[in-house]
Every structure is written in structure tokens, then in C-alpha cells.
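Trainee: How does the following fold in three dimensions:
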Amino acid sequence: MPVIRRNRGKHPDFVFTFKGERIVSINHTTWTKACHKAGVTGLHFPDLRRTFGTRLTIASVPLDAIMRLGGWSSYAILLNRYAHLQPEHLCAHAEAAARSLIAQARSG
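Mentor: Residues are numbered from 1 along each chain as shown. Next comes the predicted model:
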């Protein structure tokens, strides 16, 4: 995105800042004005966080890392919203359980 490329490197840790400081909160009016100025319609601030979480989940980033990166307060929220996007994660665990059961059956 051009806006990210333009702002990259202006702050050591954050892409978007206000007067050189990280943005800790944003009000509805500010967000609406920024979207209007950028020509963006129908985008709500929480959509950005959801998109972030979705893309990390699809990329198979572990849920504990997603939780820390996105600032979610509990695994329950992540599991309810994003775990269904990582079905291969469940398959790997199901296969491990099956191998364990087969090994136990052969040895017993």
C-alpha cells in the first residue's frame, strides 16, 4: 500500500504516528475524516485488527503470537474468531493422536 510505504521508517517501531508519537487511541470523527481524505468508504477501525488477525491465522502464525501481536486479551476471543481459519492445525493434531493410538494398539 502506498500509504504504508510513505510512512515506513519515520518511526522506529510504528508505521502510523501522530506528531511523532504512537497512536494509542482514535476517535470516530478522526477516523471518519482520515478515511474520507483517503477516499476509503465503509471501513471501520476494528476491521483492520480483524484483517490482521485473519491474515496471520491463514499464514499459520501460532495463536499465542497472534494474541500478543494484536493485543487480544484472551485465547477465547482468538479461538472463537480465528481458529476455524487454521484447519490444517487440527489435522496435524488429529494425525498425531491417531499415530499414538496405533502405536499403543500394536504394543499392547
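
Trainee: from the middle of its chain, how far away would stretch 56-73 be?
Mentor: The chain centre lies 5 Å from the centre of stretch 56-73; the measure is Cα atoms, centre = their mean, to the nearest Å.

Trainee: Just the pLDDT for the spatially most central residue of the chain.
Mentor: What sits nearest the mean C-alpha location of the chain, by Cα atoms, centre = their mean, is residue 53, with 1.9 Å. We have a pLDDT of 88 for residue 53.

Trainee: Looks to me like it is in a helix.
Mentor: Yes - assessed with DSSP: H, G, I helix; E, B strand; the rest coil, residue 53 lies in a helix.

Trainee: ok, it touching residue 77?
Mentor: No - look at residue 53 against residue 77 with Cβ atoms under 8 Å: they stay out of range, at 9.3 Å. C-beta here means a position set from N, CA and C on the backbone, and glycine is covered the same way.

Trainee: Can you give me the domain boundaries for this protein?
Mentor: 1-43, 46-108 (automatic domain parsing).

Trainee: show me where pLDDT drops low in this structure?
Mentor: Applying pLDDT under 70 to the chain flags the ranges 1, 83, 86-89.

Trainee: for it, longest helix please?
Mentor: Criterion DSSP state H: the longest helix present in the chain is helix 87-107.

Trainee: Run through the residues that contact residue 64.
Mentor: Listed by Cβ atoms under 8 Å, 6 or more residues apart in numbering, the contact partners of residue 64 are residue 75.

Trainee: in which helix or strand would I find it?
Mentor: helix 63-70 (DSSP states H and E).

Trainee: contacts for the very next helix or strand once past that helix?
Mentor: On the C-terminal side of helix 63-70, the nearest following helix or strand under DSSP H and E is helix 75-82. With Cβ under 8 Å, 6+ apart as the test, helix 75-82 has contacts from 50, 53, 54, 57, 63, 64, 66, 67, 72.
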